[in-house]
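K.L.:
Attaching a predicted model along with its sequence, questions to come.
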Amino acid sequence: MYNIIKNTNGTLKEKNNVILPTNDLNFKRIFASPENIKIIRGFLQDLAAYDPLGQLQIAEIKIETPYNFQDVNRLSSVHEDGMMLTEVDYACYDEDGIRFVLEMQKRDLNYLEERMFYNVGQKFGQLYAGDSDPKKSKYVSLRPVVAIVILEENHFKDDTAIHFFRPYDVRFGAYKKNLALGLEIYVELNKDISRLPKNLQFWFQYFRTGFVPEEAPYYLQEAAKMVETTSLTKEERDFADRLERAQQTYLLAENTAQMKAEAFEQKKEAAEQKMAAEKKEMAVKKQEIIVKEQEIMVKEQEIVTKEQEIERKLNEVQLKAKSNTDKMLEVARASLASGLDIELIASITGLDENTIKNLK
């Protein structure tokens with residue numbers, strides 16, 4: 001809320017009587033007060049001059065939601081955190097009758113672009129809804145809506161400080177040559193501004209510090225006076241201070257919640273990594289067991305094969321032995337028939353004498 005700024009001689013001084021234009025109350029005071037049309041016009045024209053397609057030509061400005069302290073106070077009271085959605089509507093006329101919506105956004109939001117596209121679409125359709133002439137085509141009342149969103153926190157990943165988002169005509173592979181379907185402009189205050197035109201650099205400096213150098217245009221000099229506390233009533237100063245405290249409390253709570261969420265995510269990630277490591281280790285051990293089981297199966301098969309080989313050889317031996325015995329029995333029978341002595345036959349055939357006797 002309070003700032004250190006440079007004197008014209010380059011030295012530093014404390015400017016404790018400055019309430020930044022990003023404060024909800026001050027933003028509304030500066031950019032929605034009819035007496036500040038020069039400031040408003042200067043900002044919109046400097047921004048329009050940076051439009052790459054040069055489509056914004058502002059001829060007349062009418063504030064549709066002018067600043068009123070009691071209205072601001074009433075609106076803020078319905079928010080539990082004491083914060084407001086700071087939004088200003090303008091009817092800025094040129095040949096197309098453009099309507100501007102200017103918004104200060106203090107924190108990054110999920111689906112910011114989708115949200116703004118939805119808001120632009122709503123305001124785009126409201127123009128037709130307010131037309132009471134039934135004879136007109138339902139499209140006659142529609143006029144372009146330009147949403148300008150000033151962001152204190154960076155939302156886009158690139159280094160661009162100002163983004164222009166406009167409808168893309170897929171039929172011709174080009175952006176719309178007119179503003180018939182509206183335009184979204186995002187101004188990110190924390191980005192590098194060295195490549196911006198000088199006047200826009202002054203505006204960024206103004207939003208960041210409330211201070212502008214002497215060479216800044218007259219409307220910026222007027223804007224700088226608007227942020228000094230002497231330009232506010234005591235009631236407005238107290239209200240601006242309360243908003244600032246509420247914002248700081250809210251951001252602290254949000255940061256705390258974010259830190260807790262990040263810590264939870266870190267614990268969750270660590271647990272998931274541990275679980276993945278354990279699963280991997282289990283898979284390795286399982287594979288090792290499978291390999292060992294396969295080795296055992298191979299060895300068991302080798303044993304079975306050897307046992308089969310032994311049994312085969314044993315059978316062969318047994319068959320051979322039986323064949324030899326049968327031959328000796330035949331020899332013994334023939335020898336007995338020839339009248340040889342049993343003892344002699346036993347010594348010749350290897351058969352025992354009882355077996356030979358049983359052959360008689």
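P.N.:
Good, I have the coordinates. Numbers count the residues shown, from 1 in each chain.
K.L.:
Could I get the full set of strands for this protein?
P.N.:
Ranges of strands in the chain, per DSSP state E, are 3-6, 12-15, 60-63, 86-93, 99-105, 145-151, 162-165, 168-169, 174-175, 183-188.
K.L.:
State the pLDDT value of Val284.
P.N.:
pLDDT, Val284: 91.
K.L.:
Next: Arg74.
P.N.:
67.
K.L.:
With Thr249 instead?
P.N.:
Listed pLDDT for Thr249 reads 66.
K.L.:
How much space separates the spatially most central residue of the chain from His155?
P.N.:
Closest residue to the average C-alpha location of the chain: Asn110 at 9.2 Å, with CA atoms, centre = their mean. From Asn110 across to His155, the span is 10 Å (CB to CB, to the nearest Å). The C-beta positions use only the backbone N, C-alpha and C, and glycine is treated the same way.
K.L.:
State the number of residues packed around Asn68.
P.N.:
12 (other CB atoms under 10 Å).
K.L.:
Could you do Arg237 as well?
P.N.:
Neighbour number of Arg237 under other CB under 10 Å is 16.
K.L.:
where in the stretch 151-300 of the chain is pLDDT low?
P.N.:
Low-confidence segments of the stretch 151-300 of the chain (pLDDT under 70): 168-181, 247-255.
K.L.:
where do the helices sit along it?
P.N.:
Using DSSP state H, counting those that start in this stretch, the helices assigned to the stretch 151-300 of the chain run over residues 198-209, 218-226, 234-337.
K.L.:
Tell me the spacing between Ser231 and Phe204.
P.N.:
21 Å.
K.L.:
Looking at these two now, which is surrounded by more residues?
P.N.:
Phe204 (20 against 15).
K.L.:
What sits closest to that one if chain neighbours are left out?
P.N.:
Closest residue to Phe204 apart from its sequence neighbours, by CB to CB, 6 or more residues apart in numbering: Ile193 at 4.7 Å.
K.L.:
For that neighbour, what are phi and psi?
P.N.:
Note on Ile193: its backbone torsions stand at phi -110, psi 10 [degrees, to the nearest 10].
K.L.:
what's the neighbour count on it?
P.N.:
Ile193 - counted by other CB under 10 Å - has 18 other residues nearby.
K.L.:
In this structure it contacts Leu200, no?
P.N.:
Yes - counting by CB atoms under 8 Å, Leu200 is a contact partner of Ile193 at 7.0 Å.
K.L.:
what's the closest residue to Lys38 other than its chain neighbours in contact with, if anything?
P.N.:
Excluding the flanking residues, the one nearest Lys38 by CB to CB, 6+ apart is Tyr219, at 4.8 Å. By CB atoms under 8 Å, 6 or more residues apart in numbering, Tyr219 lies in contact with Lys38, Ile39, Arg41, Gly42, Phe43.
K.L.:
Quickly name whichever of those is closest to Tyr67.
P.N.:
Ile39 (12.1 Å; CB to CB).
K.L.:
count of neighbours near the closest one?
P.N.:
With other CB under 10 Å as criterion, Ile39 counts 22.
K.L.:
ok, now Asp51?
P.N.:
Asp51, neighbours per other CB under 10 Å, totals 17.
K.L.:
Next up, phi/psi of Ile19, please.
P.N.:
Dihedral angles for Ile19 - degrees, to the nearest 10 - are phi -110, psi 120.
K.L.:
thinking it is in contact with Ala240, fair?
P.N.:
Yes - using CB under 8 Å, Ile19 makes contact with Ala240 at a distance of 5.0 Å.
K.L.:
joint contacts of those two?
P.N.:
Contacts common to Ile19 and Ala240, judged by CB under 8 Å, 6+ apart, are Leu25, Asn26, Leu232.
K.L.:
Of those, which is the most crowded?
P.N.:
Ranked by neighbour count (other CB under 10 Å), these have Asn26 at the top, with 26 neighbours.
K.L.:
Hmm, that one is touching Leu20, no?
P.N.:
Yes - assessed by CB under 8 Å, Asn26 is found in contact with Leu20 at 6.7 Å.
K.L.:
tell me, what's touching the two both at once?
P.N.:
Val227.
K.L.:
How much space separates the residue nearest to Lys38 from Gln45?
P.N.:
9 Å.
K.L.:
Ok, Lys306 next?
P.N.:
Taken as CB to CB, the span from Lys306 to Gln45 is 100 Å.
K.L.:
quick one: which of the two has more around it?
P.N.:
Ranked by neighbour count (other CB under 10 Å), Lys306 and Gln45 place Gln45 first, with 16 against 10.
K.L.:
Now do the residue lying closest to that one once chain neighbours are set aside, the pLDDT please.
P.N.:
Once flanking residues are discounted, Gln45 sits nearest to Ile58: 5.9 Å by CB to CB, 6+ apart. With respect to pLDDT, Ile58 has a value of 76.
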